[in-house]
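*Asks:* Okay, predicted coordinates and the sequence, questions at the end:
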Amino acid sequence: MRYLAVMAGCVVVTLPLEVVIGARVYRRWRRLVATLMPVLAVFVTWDVLAIHAHDWSYRHLTGAHIGDLPVEELVFFLVIPTCAVLTMEAVRRLRPSWRTGDEP
C-alpha cells in the first residue's frame with residue numbers, strides 16, 4: 001500500500017494546481033488522454049518485458065495485477081505524467097511569457 005499512498009500523495013499535492021491556479025488539465029481530459037497514451041504504450045511494454053526477463057522486482061505492493069503488470073505500476077504511469085502536465089500548465093498559467101516564448 002505504500003506505493004499507492006505515494007501516488008495518492010502526488011495527486012493530492014498537485015490537485016490545487018487544477019483547482020486554485022486553473023491549470024485546466026482535467027477539464028481537457030481528451031488532451032490528457034492523448035498525452036498519456038504514448039507514455040503508457042512505451043513504459044507498460046518496457047515494464048512487462050523487464051518482468052518477463054526477471055529484471056524487475058517489486059516490494060510493498062498490493063499483489064493486484066493486470067496481466068503481469070502490478071496495478072501500482074500502471075497507476076504510476078498515469079499519475080506521474082499527469083502531475084508533470086499539471087505542473088507545466090500551472091507554470092504556463094502563472095507565467096504567460098512562457099507560452100509565447102517572450103522573455104519577461
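*Replies:* Great, that's in hand.
*Asks:* low-scoring stretches of this protein, by residue?
*Replies:* Residues of the chain meeting the criterion pLDDT under 70: 59-60, 97-104.
*Asks:* residue boundaries of the strands in it?
*Replies:* Per DSSP state E, the chain carries strands over the ranges 65-66, 69-70.
*Asks:* right, so of these, which gets closest to W46?
*Replies:* strand 69-70 (10.6 Å; CB to CB). From N, CA and C alone the C-beta is placed, and that goes for glycine too.
*Asks:* Tell me the strands beside that closest one, with direction?
*Replies:* Applying DSSP bridges to the sheet, strand 69-70 is found paired with strand 65-66 (antiparallel).
*Asks:* Show residues contacting the partner strand.
*Replies:* Strand 65-66 has contacts (CB atoms under 8 Å, 6 or more residues apart in numbering) with V71, L74.
*Asks:* Identify the residues contacting L17.
*Replies:* By CB under 8 Å, 6+ apart, the residues touching L17 are A23, V25, L86, T87, E89, A90.
*Asks:* Now do the fifth one: how many residues are near it, please.
*Replies:* Each residue near E89 was counted by other CB atoms under 10 Å, and the total is 20.
*Asks:* just checking, it touches R24?
*Replies:* Yes: proximity of E89 to R24 meets the contact threshold set by CB atoms under 8 Å, at 6.7 Å.
*Asks:* deepest of the strands of the chain, which one?
*Replies:* strand 69-70 (a mean of 18; mean count of other CB atoms under 10 Å).
*Asks:* what's in contact with that strand?
*Replies:* Counting by CB under 8 Å, 6+ apart, V44, D47, V48, I51, Y58, L61, T62, A64 sit against strand 69-70.
*Asks:* re the thing from before, give me the buried subset of the contacts of L17.
*Replies:* A23, V25, L86, E89, A90 (16 or more other CB atoms under 10 Å).
*Asks:* Look up how far W46 lies from the last one.
*Replies:* Distance, A90 to W46, using CB to CB, to the nearest Å: 29 Å.
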